[in-house]
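A.B. asks: Predicted model, plus sequence, below.
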Amino acid sequence: MARYGMFIDTKKCVGCYACRVTCQMQNELPVEISYIHFHEQETGIFPNVRNEIIPVQCQHCEDAPCETVCPTKATYTTEDGIVLMDEDKCIGCKYCVVACPYGARTQDHHTGVINKCRFCADLVAEGKQPSCVSTCISDARIFGDLDDPNSEVSKAIVKHNAQPLRPDLGKSKIYYAR
């Protein structure tokens, strides 16, 4: 069984928001709700300064704190490591929102249901890539099996010495080259 994850190269990300827009379209989200948000960070010393754009979404943590606190077990992890939500079980208590250290949870203000990035599990089940990966104009995202050392995602993580955004918070399944 695969253990899915993602590599994001912030040096390639141009901040075009194509990943965010396609995610909203794929998940039929209203314009005010997004599963991907962006942090901008200025790095370097003048005159050699660069603006780093860091796309952030659910990190699909190994021991997801959002799953641990969910009183109805609406948040769960699949065999292939994707953290998903069962919208029918969600009571909108927001425990998962508070537990997520990445701010990756959103609430549908019409239904009260909390949701997040799904790694496009439906597309992945069909052998396709998540929409944010297939739409990225700068090829800053790679998705695949983290347990396969020959997969493109595993090779990119090793090549770029990619790290989770917050390694101090435990093991996430999104690795960043910065």
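C.D. replies: Yep, that arrived. Numbers count the residues shown, from 1 in each chain.

A.B. asks: Now do the helices in the protein.
C.D. replies: Taking DSSP state H, the helices of the chain run over residues 18-26, 65-69, 95-99, 121-125, 131-135, 152-159.

A.B. asks: Tell me which of those helices sits most buried.
C.D. replies: By mean neighbour count, with neighbours taken as mean count of other Cβ atoms under 10 Å, helix 131-135 ranks first of the helices of the chain at a mean of 20. All C-beta spots, glycine's among them, are computed from the backbone N, C-alpha and C.

A.B. asks: Do a quick rundown of the strands in the chain.
C.D. replies: Using DSSP state E, the strands found in the chain span residues 4-9, 37-45, 48-56, 75-77, 83-85, 106-107, 114-115, 141-145, 174-177.

A.B. asks: Pull up the pairing partners for the second one, direction included.
C.D. replies: In the sheet containing strand 37-45, the strands it pairs with under DSSP bridges are strand 48-56 (antiparallel).

A.B. asks: how far off helix 18-26 does the strand it pairs with point, in degrees?
C.D. replies: Counting by axes from the mean of the first three to the mean of the last three Cα atoms, to 10 degrees, strand 48-56 points 20 degrees away from the direction of helix 18-26.

A.B. asks: I'd like the mean pLDDT over strand 48-56, please.
C.D. replies: Averaging pLDDT along strand 48-56 yields 93.

A.B. asks: list the buried ones in it?
C.D. replies: 52, 53, 54, 55, 56 (16 or more other Cβ atoms under 10 Å).

A.B. asks: wait, what's in contact with the last one?
C.D. replies: By Cβ atoms under 8 Å, 6 or more residues apart in numbering, the residues touching residue 56 are 36, 37, 38, 39, 102, 103, 104, 165.

A.B. asks: And for the fourth one?
C.D. replies: The contact partners of residue 55, by Cβ under 8 Å, 6+ apart, come to 8, 10, 13, 19, 20, 36, 37, 38, 140.

A.B. asks: beta partners for it?
C.D. replies: In beta-bridge terms (that is, DSSP bridges), residue 55 pairs with residue 38.

A.B. asks: Could you check how far it is from residue 6?
C.D. replies: Noted for residue 55: a distance of 10 Å to residue 6, by Cβ to Cβ, to the nearest Å.
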